[in-house]
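Undergrad: Need the 3D shape of this:
(chains A and B)
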Amino acid sequence: GESVGLHLPTLSVQEGDNSIINCAYSNSASDYFIWYKQESGKGPQFIIDIRSNMDKRQGQRVTVLLNKTVKHLSLQIAATQPGDSAVYFCAENFAGNQFYFGTGTSLTVIP
Amino acid sequence: EADIYQTPRYLVIGTGKKITLECSQTMGHDKMYWYQQDPGMELHLIHYSYGVNSTEKGDLSSESTVSRIRTEHFPLTLESARPSHTSQYLCASSEGGGADTQYFGPGTRLTVL
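TA: Predicted structure coming up:
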């Protein structure tokens, strides 16, 4: 059902600046992680993934960093553009079982 | 762009009605999933399937049911809709064989009056 009064963490950045979105995951045994982007009225869209045997992975304008010691995942977006405005979710997976999704961070890019 | 489709995109319906949310994918994926997402909240898994004739319940208790008669289709049915079912329902699919990327449909926004 609907939830009222709860707000996403938010991040506002100037166009052209770099963005860093953070995620704390819960299961120290999780071995696969995905970052998704969800624009208003749309389903989540895959951005980048990383497996636990890596601590960094780069894509086009995006970098994911994994710190297994503190169970922390971050998404860095270089030269943020207005089209990057969306909600960003991290998802964790252990041994091919179901994914667990974080709450999400709302990114707003200021032109 | 993922080839996974959901219909309807928006549905407003009265309490007590039976509804079916459609999900289809043309990628030949074995695994399919239904998630429920309230505004500004995380996704919660309500049903999933590993293949034809396979259906499982997720972590979130749900009064819905699913079926998987064909690889491409994974419909979700609510026998008697209630206002508490008002939410966004997202369908996803993945190739299978372990942890792999899930591709999401555009979602169905359901409002039960």
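Undergrad: Residue numbers of chain B in contact with chain A?
TA: With CB under 8 Å from any CB of the partner chain as the criterion, chain B meets chain A at residues B:6, B:33, B:35, B:38-45, B:48, B:58-59, B:83-87, B:90-92, B:97-99, B:101-107, B:109. (C-beta placed from N, C-alpha, C; glycine too.)
Undergrad: residues of stretch B:61-69 that come out buried?
TA: Of the residues in stretch B:61-69, B:Ser62, B:Ser64, B:Val66, B:Arg68 count as buried by neighbour count, 16 or more other CB atoms under 10 Å in any protein chain shown.
Undergrad: Closest one of those to chain A?
TA: Lowest distance from chain A to the buried residues of stretch B:61-69 (CB to the nearest CB) belongs to B:Ser62, with 11.4 Å.
Undergrad: what about the strands in the chain?
TA: Since you didn't name a chain, this refers to chain A. Here chain A has its strands, by DSSP state E, at A:10-14, A:19-24, A:32-38, A:45-51, A:56-58, A:62-67, A:72-77, A:86-93, A:99-101, A:105-110.
Undergrad: You answered for a different chain; I wanted chain B.
TA: Using DSSP E, strands in chain B cover B:4-7, B:10-13, B:19-25, B:31-37, B:44-49, B:56-57, B:64-66, B:76-78, B:87-94, B:103-104, B:108-112.
Undergrad: Sounds good, over and out.
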